[in-house]
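1. using only what follows, build the 3D model:
(4 chains)
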4 protein chains.
Amino acid sequence: MRTGHTHLFIPGPTNIPERVRQAMNVPMQDMRAPDFGALTKPLFAGLKKVLKTADGEVFLFPGSGTGAWEAAITNTLNPGDKVLMSRFGQFSGLWVEMAERLGLDVAVIDVAWGAGAPVATIAEHLEDDAHGAIKAVFVTHNETATGVTSDIAAVRAAMDACGHNAMLFVDGVSSVASIDFRMDEWGVDLIVAGSQKGLMLPAGLGVLGVSRKALEASKTATMRRAYFEFADQLKFNGDGYFPYTPPTQLLHGLSVSLKMLLEEEGLETVFARHARLAEGVRRGVRAGGLKICAHPGFESNTVTTIMTPEGVDAVKVIRTAYDRYAASFGSGLARLGGKAFRIGHLGDLNEGMCLTALSVAEMALRDNGAMVQPGSGVAAAAEFYRDALAATPARMAAA
Amino acid sequence: MRTGHTHLFIPGPTNIPERVRQAMNVPMQDMRAPDFGALTKPLFAGLKKVLKTADGEVFLFPGSGTGAWEAAITNTLNPGDKVLMSRFGQFSGLWVEMAERLGLDVAVIDVAWGAGAPVATIAEHLEDDAHGAIKAVFVTHNETATGVTSDIAAVRAAMDACGHNAMLFVDGVSSVASIDFRMDEWGVDLIVAGSQKGLMLPAGLGVLGVSRKALEASKTATMRRAYFEFADQLKFNGDGYFPYTPPTQLLHGLSVSLKMLLEEEGLETVFARHARLAEGVRRGVRAGGLKICAHPGFESNTVTTIMTPEGVDAVKVIRTAYDRYAASFGSGLARLGGKAFRIGHLGDLNEGMCLTALSVAEMALRDNGAMVQPGSGVAAAAEFYRDALAATPARMAAA
Amino acid sequence: MRTGHTHLFIPGPTNIPERVRQAMNVPMQDMRAPDFGALTKPLFAGLKKVLKTADGEVFLFPGSGTGAWEAAITNTLNPGDKVLMSRFGQFSGLWVEMAERLGLDVAVIDVAWGAGAPVATIAEHLEDDAHGAIKAVFVTHNETATGVTSDIAAVRAAMDACGHNAMLFVDGVSSVASIDFRMDEWGVDLIVAGSQKGLMLPAGLGVLGVSRKALEASKTATMRRAYFEFADQLKFNGDGYFPYTPPTQLLHGLSVSLKMLLEEEGLETVFARHARLAEGVRRGVRAGGLKICAHPGFESNTVTTIMTPEGVDAVKVIRTAYDRYAASFGSGLARLGGKAFRIGHLGDLNEGMCLTALSVAEMALRDNGAMVQPGSGVAAAAEFYRDALAATPARMAAA
Amino acid sequence: MRTGHTHLFIPGPTNIPERVRQAMNVPMQDMRAPDFGALTKPLFAGLKKVLKTADGEVFLFPGSGTGAWEAAITNTLNPGDKVLMSRFGQFSGLWVEMAERLGLDVAVIDVAWGAGAPVATIAEHLEDDAHGAIKAVFVTHNETATGVTSDIAAVRAAMDACGHNAMLFVDGVSSVASIDFRMDEWGVDLIVAGSQKGLMLPAGLGVLGVSRKALEASKTATMRRAYFEFADQLKFNGDGYFPYTPPTQLLHGLSVSLKMLLEEEGLETVFARHARLAEGVRRGVRAGGLKICAHPGFESNTVTTIMTPEGVDAVKVIRTAYDRYAASFGSGLARLGGKAFRIGHLGDLNEGMCLTALSVAEMALRDNGAMVQPGSGVAAAAEFYRDALAATPARMAAA
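-> Numbering: from 1, shown residues only, chains lettered A, B, ... in the order given. Predicted coordinates for the structure are as follows:
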């Protein structure tokens, strides 16, 4: 028998705002009613603002972010196309695997886990590709397994430097709406996101931003596709409809989360908050004598992957946190299994919640033999938050 | 400014029970928590009961029924495989279109709209296919556009009669959990359903039942697939997990709707209720002097497609019902556009609601020039319901 | 096992809008937080508009309308005070009983059930009271038992005509926000309402409008009171607080229902809608050959009390409607027990719902032996609604 | 713009479980339906178990705990009756004030704030009252202002020791369902509780437990009452009905919270959890060098009143916590204004949440000049919780 909140510190699905939950509690409705577009059309417009694109199109697929990965590939590429991908964590690895399954010729650059997209190596590959065999460069903006954020602008700069014409595909599932992302400015052709992270919704909507260039490519791309066909969406989306039944309750939720992100808190403030919350968590982790997986300069503002000390089983730490303290942390994935756990700090979150995460992590670590000084993490994070918020305007507001 | 219920009489998404709505209003949770399987494993077991399969596997994909159509095809067939499909409405037609897009060699049998699967013609095709070129026979159990139910058992009998080895694919999106469906008994290899119809949930979950034979086929099928890969699901589902983030709120809703269908009302009672509600609607429609699209013997118990009289624009009828009487009817699709409207009578529904549908339909028809006797539809349906319910045990129960 | 909506046609609690339900689904909060007044202060302002008072004060008591009756009496009168009350139904009768229990000297005018406040007789009593012994005249604006609306303006005119100084107490529980009520214009000193009727909320908030004169009286009134003390509310309400914990979820709901009533639909449109819906119900009832309890000119726009034919037990009709057709009607109260049932048609309601009420009532009446022509009620009401709405602007709008 | 949970640490309304919120999200229903008692009758039975009474009656009044105080007094006493009350905090003081307003002759024993009911002094008064003038002894079981729990069993023992026949009235608003309370064993005649504390519901229901002796007294008690009349409730409650419209959504919530308290967690486990959570908070507070208001032996397990250091304005601490850290603490009341703040730790709560409270309190105290060692409170509490939970069975369970 649990009591109280189950503290949710996985890197998605994230905590969702009460108002989003309220908005999703709707009876079913006719998704072909004449006024349905009044709900849906602003969603496309709002998501363009979130992705910072004026020119691109936004698509919403009932499905997960994995589905949106597939939509990006199948709509714009041809079987056997060569693509360049970097692999530095579980999720960038899974994307490689999908690309191979779907019949692409994938050149993989393997990078140490903890580092991000290797811009110089990418540049070399592109320079060596004088005939433009590489049709697309894939980059995972935020690798959720290692807590690493890559520099998309630098990848674009490298592409531009050698005048390469490949498309730029970005996995922004755990960055979009939490970490700054600039589709147009960075020349991103396909950006993949999902509802259950920075957009503060349940899972169930795959979100895609697609550049004009990628849309053009979709007209001739020969990879087989049906469910994820852009053209079907294009035929209906203009009037606010969909080619098949959309998850209307998520659309109602999205309407509110976009209002919160864009009109109320404001995107830049959202990014600053994520940066602040993340920095507190990192300080707390380090104050406890623990290491984080991300290499310096690559630290993610949405998830921190924490290495457990020698001899401390991360699986047990996570289990103790869940069973004893009603808190969910992310597990170490693949080669990090048993060696790391993850604190997701994205979505609808505040300082008090991050301190809860640190408190519970300390208890669960100590319960499993880690020599962490009690209260050290909270002390370091709290002092950082105090200073940071003293410099921030009061946030009181009617709910 | 609307007031009161928006009366929902489209053939899906359907009205959903209050308890399902309650159950879906959950905070987010860790889909990899140790106790997650306690929620999810019974869902697979329950869906097997709904599909009446002991041997088959059930898969749940975040997506729509359209996605589940694709999953069925891509997991079990090879590019260029020959398949036999019947087309007698918008949805059976869309499935043909998808099969062609995905690279199948489709033999299409076109049938008059209003009729169902042409068993004799199917039998002929199979008999002519001595070398077993036809890998699968596709049948739409309930064609949502025309309100037509086909006889799946008869198709199976025809297949067996000539000893044909093709797989049997069935679209049960608008039949499963509302009209009797027997996966094992009828030898169905792939049955496709969705959350937003008889399962009384919002859209967002594609449901598949897959026979042992189809699972075997999936091991060698060469069609490209990734998101919809059965094998990925199989790897995780046994412990109640999923290869990517599932829509947890729908899973909570499904848990309750299965309980209602299987344990509380009981599947056979659910089918009887749909039959009774549908018969009342049909009597009401006919009492008003209107024709229904379905040919005798093919009438669906989940949706009735009603032909408007000469000179009465069905589009306007639907629009009047929505704008003036806050009621959503389904529109006539494709060749039925402007000539028919549809009353969905499936899901969480009762007699009073069906009478509302008939009342509003009469008003909207009369507003648009149809000479329907006021009150005639309600009178005929109500008398039928009275007699039927007088013979049924009282249904009063604490909520 | 019930399915579908339980059709609610009691005269309160009424059907409540989805948006009000959403708004009430809130976590608990600090009712002494600095921003709590941002929620609550507009509620007082909005309720003044609903009551049409500029000068009066509004009080909100956690409790039922019965509690608000008591608050009105105990704050403004003294033990033994003489008051003049009319009794023409169960609720006006209960108010008499309460006044007597609380120690008032009640002069009761008994009137036939079906009629309303007897203005001429009231005038006579007041004229005979040369010394002003009568401290207050009590009138039930809408008698929920008989479906009768009284003419408050006429009572005020009678009081003014003889220059009587008594306070005017009005029970508006089943009229306020559904039927026009004008506190200032009609010189009402105490108006009692509740959350669960025209305000479209659950029960739990008693609402009082209090004139300056009544507030003045409350300063010297010697009747014992504590929980319902106006002065305690006055001390806190100005800043949006309450002397004890208020039901915050109802306050959130009220915030939305006031927005709907005042800003979206508009009070006068709300009244017109109630008048239209009620007229349809009455026409339907009469078309079925049934009589209504209210005498001509007194018919209420929020509830219709329907007399069952000789030999038809109204209790059984109600029970059949509930058990068999999942519909709740109000019962005949006191002397109307077994002889009448009531259809409440107030709150969040539309034409289709009223037709459902008539359909179900016909079935339940026929099931119990009443010779009502099938479909007759729906036909009469539907034709009325069609004409009425054809003359009304379309109401389509995004939810 | 707030983000994340608003951390609620006031001593009521308390955090309420998600399942209770789900259960309260219901459409309105007929409170006179034949099956309504299936919902309500178990509530009375369950509340008797919570109050530990076999013989007593339970009443539920729409209203706050303040209303229930009034119901207790007006039903069982006569104007001018002498009663003995102890005053040692804001709430025991308000009860005195109410008793005086309602016309009782109150003998008040004033006690230092921080102490509880003065058993010896009470005993003296009773011994001096040879003629039994004292009709009732009032004790506040848990004084919410000071965080003090009194010994009701000892008061009963003192009453028995001198053979005094007075009734024993207990205010259990902030103790019932969180701290052990034994109505029958302790001979309590009237116990007053409210929905918004240990019962984990919103405000809006006053709960009363009434002994046989008190029920007997109510038959002759002459104090004026109407809304709060026990006899009216008795007339209806047996069949599960109420004399006026109850707040049905709260009844649905209560149904779930009783199930959680009685069947799932179990009352004694609930008490143990409150004791554990409270002890952690107290250790944390003391580790930070702060004093608590309660004298040794009187510490409450539901609320801790914390004295701020000299020169630190508690009002500012609370305001900082709210504005900057989105956390609500209770304020110091009356003579504690500015000198103390309160942490409520009752209801649906766990260890992680209590650590959040301590973290935020430390930040807000330090922001306002208090010299609290960063992390000290969390460290002390966390170590205590670790040890305590290591000795407790794992609490993991499917939601």
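2. other residues contacting stretch A:306-313?
-> Where contact means CB atoms under 8 Å, 6 or more residues apart in numbering or on different chains, the residues beyond stretch A:306-313 that reach it are A:285, A:289-293, A:314, A:317, A:338-343, A:361, A:365, A:368-371. (Glycine included, C-beta is placed from N, CA and C.)
3. just the buried subset of those residues, please.
-> Among the contacts of stretch A:306-313, those that count as buried by neighbour count (16 or more other CB atoms under 10 Å in any protein chain shown) are A:285, A:290, A:292-293, A:314, A:317, A:338-343, A:361, A:365, A:368, A:370.
4. between the residues you listed, which is closest to B:Glu216?
-> Each of the buried ones among the contacts of stretch A:306-313 was scored against B:Glu216 by CB to CB, and A:Gly338 proved nearest at 35.9 Å.
5. check contacts around that closest one.
-> A:313-315, A:332 are the contacts of A:Gly338 under CB under 8 Å, 6+ apart.
6. repeat the analysis, applying 10 Å as the threshold.
-> With contacts defined as CB atoms under 10 Å, 6 or more residues apart in numbering or on different chains, the neighbours of A:Gly338 are A:308, A:312-318, A:331-332.
7. tell me which parts of the stretch 251-399 of chain A are close to chain B?
-> Taking CB under 10 Å from any CB of the partner chain as the contact definition, the stretch 251-399 of chain A meets chain B at A:253, A:318-319, A:322-323, A:327-331, A:344, A:347-348.
8. flag every buried residue along stretch A:352-367.
-> Neighbour counts over stretch A:352-367 (16+ other CB under 10 Å) mark A:352-367 as buried.
9. which pair in the residues you listed spans the largest distance?
-> Across these, the two members that end up farthest from each other (CB to CB) are A:Gly352 and A:Asp367, 22.5 Å apart.
10. can you tell me how far A:Ala294 sits from B:Pro11?
-> Counting by CB to CB, to the nearest Å, the gap between A:Ala294 and B:Pro11 amounts to 51 Å.
11. ok, the two, which is more surrounded?
-> B:Pro11 (27 against 22; other CB atoms under 10 Å in any protein chain shown).
12. ok, the closest residue to that one other than its chain neighbours to chain D distance?
-> The shortest distance from B:Pro11 to any residue other than its chain neighbours is 3.3 Å, reached at B:Gly344 (CB to CB, 6 or more residues apart in numbering or on different chains). When distance is defined by CB to the nearest CB, to the nearest Å, B:Gly344 is 21 Å away from chain D.
13. same check on A:Ala154?
-> Distance of A:Ala154 to chain D, computed by CB to the nearest CB: 30 Å.
14. what's the neighbour count on that residue?
-> 17.
15. and A:Gly332, by the same measure?
-> For A:Gly332, the tally of surrounding residues (other CB under 10 Å) stands at 25.
16. pretty sure A:Leu262 sits against A:Val50.
-> Yes. Using CB atoms under 10 Å, A:Leu262 and A:Val50 qualify as a contacting pair, with a distance of 7.0 Å.
17. anything in contact with each of these two?
-> The contact lists of A:Leu262 and A:Val50 share A:177, A:270, where a contact means CB under 10 Å, 6+ apart.
18. who has more neighbours, these two?
-> A direct count of neighbours by other CB under 10 Å for A:Leu262 and A:Val50 places A:Val50 higher, at 24 against 17.
19. picking up where we left off before, now, the contacts of A:Gly338 that are in strands?
-> When strands are assigned by DSSP state E, the members of the contacts of A:Gly338 inside them are A:Ser331.
20. just the buried subset of the contacts of A:Gly338, please.
-> The neighbour-count test (16+ other CB under 10 Å) marks A:308, A:312, A:314, A:316-318, A:331-332 as buried among the contacts of A:Gly338.
21. the residue of the stretch 1-150 of chain A at minimum distance from chain D: what secondary structure?
-> Per CB to the nearest CB, the residue of the stretch 1-150 of chain A with the smallest distance to chain D is A:Gly4, at 3.4 Å. Secondary structure of A:Gly4, reduced to three states by DSSP: H, G, I helix; E, B strand; the rest coil: coil.
22. got the contact list for A:Leu51?
-> For A:Leu51, the residues meeting the contact criterion (CB under 10 Å, 6+ apart) are A:58, A:172, A:176-177, A:181-184, A:188, A:191, A:193, A:207-210.
23. mind running it again at 7 Å?
-> A:58, A:176, A:181, A:183, A:191, A:209 (CB atoms under 7 Å, 6 or more residues apart in numbering or on different chains).
24. from B:Asp323, how far off is the residue most central in space within chain A?
-> The geometric centre of chain A, computed from its C-alpha atoms, lies nearest to A:Ser174 (CA atoms, centre = their mean), at 1.0 Å. Taking CB to CB as the criterion, A:Ser174 is separated from B:Asp323 by 43 Å.
25. any idea which helix or strand carries the closest residue to chain C within the stretch 51-200 of chain A?
-> Taking CB to the nearest CB as the measure, the stretch 51-200 of chain A has A:Met200 as its residue closest to chain C, at 16.1 Å. Element membership for A:Met200 (DSSP states H and E) is empty, with no helix or strand holding it.
26. the residue nearest to B:Pro11 bridge partners, please.
-> Judged by DSSP bridges, the bridge partners of B:Gly344 are B:Val303.
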